[in-house]
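J.: A predicted structure for the sequence below; I have some questions about it.
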Amino acid sequence: MQAQVTQIRKTAKTHTAPPVSQELADLARLSIKDVAALVRLSEQTIRDRIKAGKFPPADHREGLRCTRWSAGTIRRWLESTRISAH
């Protein structure tokens, strides 16, 4: 029994989890607070830019007042703003 436990511990130390695919990471849902922190804009600025068509609207609605963005949407928006800034 002790030998089995030791073997499991050795295997656990050498085993690494496979990397999370980009597609899976892009499925994460972010609140407006999360998005504001990532893009370094205030929540109100994000709302104003959505109304002006300068920021992507939320991808998911969870009730009347709960909106979420997929991480992939925000990543693509950030990439596009970097490209257009050059």
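T.: Right, received. Where do you want to start?
J.: how much space between the nearest residue to residue 49 once chain neighbours are set aside and residue 22?
T.: Nearest residue to residue 49, sequence neighbours excluded (CB to CB, 6 or more residues apart in numbering): residue 55, at 3.6 Å. Heads up, the C-betas are built off the backbone N, CA and C, glycines and all. Here residue 55 is placed at a distance of 22 Å from residue 22 (CB to CB, to the nearest Å).
J.: who's more crowded, these two?
T.: Per other CB atoms under 10 Å, whichever of residue 55 and residue 22 has more neighbours is residue 55, with 20 against 10.
J.: helix, strand or coil for that one?
T.: Following DSSP: H, G, I helix; E, B strand; the rest coil, we place residue 55 in the coil state.
J.: who are the packing partners of the helix or strand that contains residue 23?
T.: With elements taken from DSSP states H and E, the one containing residue 23 is helix 22-26. Here helix 22-26 is seen to pack against helix 71-85 when contacts are counted using 3 or more CB pairs under 8 Å, 6 or more residues apart in numbering; DSSP states H and E.
J.: in the protein, which helix or strand is least confident?
T.: Within the chain, no helix or strand scores below helix 2-14, which has a mean of 54 by mean pLDDT, DSSP states H and E.
J.: quick revisit: now do the phi/psi pair for the residue nearest to residue 49.
T.: In this entry, residue 55 is assigned phi and psi values of phi -150, psi 140 (degrees, to the nearest 10).
J.: these two touch, right, it and residue 44?
T.: No: taking contacts as CB atoms under 8 Å, residue 55 lies outside contact range of residue 44: 11.8 Å.
J.: got a list of what residue 47 touches?
T.: With contacts taken as CB atoms under 8 Å, 6 or more residues apart in numbering, residue 47 has the following neighbours: residue 32.
J.: that's all I had, so thanks and see you.
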